[in-house]
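Trainee: Dropping the sequence and predicted coords here.
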Amino acid sequence: MPPLVFYRDLSTSVELKREKRKEMNTTRNDIPDWKAPTPKELQLNRVLLKRTDGKVHQLLERLLKDEEVNLYHSYANVVSVRRLGYNDHGPVHARITTYNALKILRLLNEGGVQTSLENEHVSTSEASQVAVALGCFLHDTGMGVARDKHEWHSLNLIDPIIVRYLEWLYPDDLALRVVIRSMAHEVIVGHMAHTRIHSIEAGVVLVADGTDMTKGRSLIPINLQLDPEVGDMHRYSANTISKVEIEKGEMKPVRISIQMDNPTGLFQIEEVLMGKVKASPIIKHLEIEACIDGEQPRMYLK
């Protein structure tokens with residue numbers, strides 16, 4: 001008899017706890033509307049539109065305000081942050097990486113590095129920029145399905161949107177639509193470095209994805225808390241990155257400078273950025289330095 005009473009009491013206790021948690025979840029008002037654009041998104045929209053022109057500007061004018069795309073981004077972030085305990089994979093990350101990718105592409109161009117479409121005499125630098133912007137902006141939408149192989153889920157979800165935008169941008173040029181669609185696919189499937197890529201365009205996005213690491217935006221999962229030492233290192237290293245600057249290099253076309261408060265931020269460079277850089281076809285065009293407060297810069301690539 002006592003064991004039966006024990007289990008009945010335990011069951012009641014569990015049910016009460018569940019009801020309490022349910023009540024807390026339904027009464028909290030500090031969780032923002034997952035569908036509503038944030039001020040940060042709107043700020044980044046203005047920056048992207050200000051810094052682009054031509055076909056890329058036309059593309060972004062529509063893409064940044066596309067309700068369906070925003071919902072894919074926003075739901076991917078719900079899954080990434082709220083369900084899995086990962087970092088931002090939503091609208092803000094899409095905008096930051098797209099801005100960084102286009103900047104890296106511009107610096108390469110200014111440094112005399114042709115895109116793959118130019119070098120192979122297929123199309124122009126502008127077509128490469130469109131492919132980079134389109135693929136980079138949409139690369140993480142598959143996080144709404146699963147973390148594992150999310151780049152392929154992104155492709156399945158987003159390809160109809162890629163087709164729709166290319167038909168609008170290039171209604172009379174089937175050949176160019178085929179080329180940019182293929183390049184945008186390479187950009188998307190290659191951004192995790194799980195699939196080997198070969199184009200300058202996809203290599204640019206692979207690196208740009210790794211540069212979004214400022215103040216907590218770690219590309220390493222933070223849900224490793226079952227092992228406190230590992231989990232704490234991931235969180236602390238991410239939170240120490242204060243700024244990432246992408247500028248013209250001293251000897252190479254592009255310099256990426258990562259500023260941090262203390263050396264724990266080096267973990268982010270070594271575990272996140274450098275893994276992507278080593279898999280990127282643009283590695284030979286990069287300088288990478290870590291700037292720790294009060295110390296001499298540490299060069300990873302020069």
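Mentor: Looks like it arrived, so ask away. Residues are numbered from 1 along each chain as shown.

Trainee: which ones are touching the nearest residue to Lys302 once chain neighbours are set aside?
Mentor: Using CB to CB, 6 or more residues apart in numbering and skipping the chain neighbours, the partner closest in space to Lys302 is Glu287 (5.3 Å). For the C-beta atoms, the positions are set from N, CA and C on the backbone; glycine is no exception. By CB atoms under 8 Å, 6 or more residues apart in numbering, the contact set of Glu287 is Gly249, Glu250, Met251, Lys252, Val254, Arg255, Ile256, Met299, Leu301, Lys302.

Trainee: Figure out the helix or strand that Arg181 lives in.
Mentor: helix 174-190 (DSSP states H and E).

Trainee: can you give me the helices for the stretch 101-250 of the chain?
Mentor: For the stretch 101-250 of the chain, the helices defined by DSSP state H, counting those that start in this stretch occupy 116-119, 125-138, 150-169, 174-190, 200-211, 228-239.

Trainee: Show me what the shortest one packs onto, helices and strands only.
Mentor: Here helix 116-119 touches helix 125-138, helix 174-190, helix 200-211, going by 3 or more CB pairs under 8 Å, 6 or more residues apart in numbering; DSSP states H and E.

Trainee: winner for burial among those?
Mentor: Ranked by average neighbour count under the criterion mean count of other CB atoms under 10 Å, the helices and strands packed on helix 116-119 are headed by helix 200-211 at a mean of 28.

Trainee: ok so, going back, nearest to His93, out of the helices and strands packed on helix 116-119?
Mentor: helix 200-211 (8.6 Å; CB to CB).

Trainee: other SSEs contacting that closest one?
Mentor: helix 91-110, helix 116-119, helix 125-138, helix 174-190, helix 274-278.

Trainee: so can I have TSV of these showing mean pLDDT?
Mentor: Shown next, in TSV, are the helices and strands packed on helix 200-211 (pLDDT from 0 to 100):
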stretch	mean pLDDT
helix 91-110	96
helix 116-119	98
helix 125-138	98
helix 174-190	98
helix 274-278	95
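
Trainee: His153 contacts Gly142, correct?
Mentor: Yes: using CB atoms under 8 Å, His153 is in contact with Gly142, at 3.0 Å.

Trainee: More neighbours: which of these two?
Mentor: Comparing His153 with Gly142 by other CB atoms under 10 Å, the one with more neighbours is Gly142, at 25 against 20.

Trainee: contacting residues for that one?
Mentor: Contact analysis of Gly142 by CB under 8 Å, 6+ apart lists Ala76, Lys149, His150, Glu151, Trp152, His153, Ser154, Leu155, Asn156, Leu157, Ile158.

Trainee: which of those are buried?
Mentor: Among those, those classed as buried by 16 or more other CB atoms under 10 Å are Ala76, His150, Glu151, Trp152, His153, Ser154, Leu155, Leu157, Ile158.

Trainee: with those in mind, which one is nearest to His121?
Mentor: Within these, proximity to His121 (CB to CB) peaks at Leu155, which comes in at 26.9 Å.

Trainee: got the contact list for the closest one?
Mentor: Remark: with contacts taken as CB under 8 Å, 6+ apart, Leu155 is in contact with Gly142, His185, Ile188, Val189.

Trainee: Roughly how far does it sit from Gly135?
Mentor: Leu155 is 10 Å from Gly135, where distance means CB to CB, to the nearest Å.

Trainee: looking at this, Arg255 is in a strand?
Mentor: Yes: counting by DSSP: H, G, I helix; E, B strand; the rest coil, Arg255 is located in a strand.

Trainee: From Leu286, how far out is the nearest residue to it once chain neighbours are set aside?
Mentor: In this structure, Arg255 finds its nearest non-sequential neighbour in Gly249, 3.7 Å apart by CB to CB, 6+ apart. For Gly249, the distance to Leu286 equals 7 Å [CB to CB].

Trainee: Could you do Leu138 as well?
Mentor: According to CB to CB, Leu138 stands 24 Å off from Leu286.
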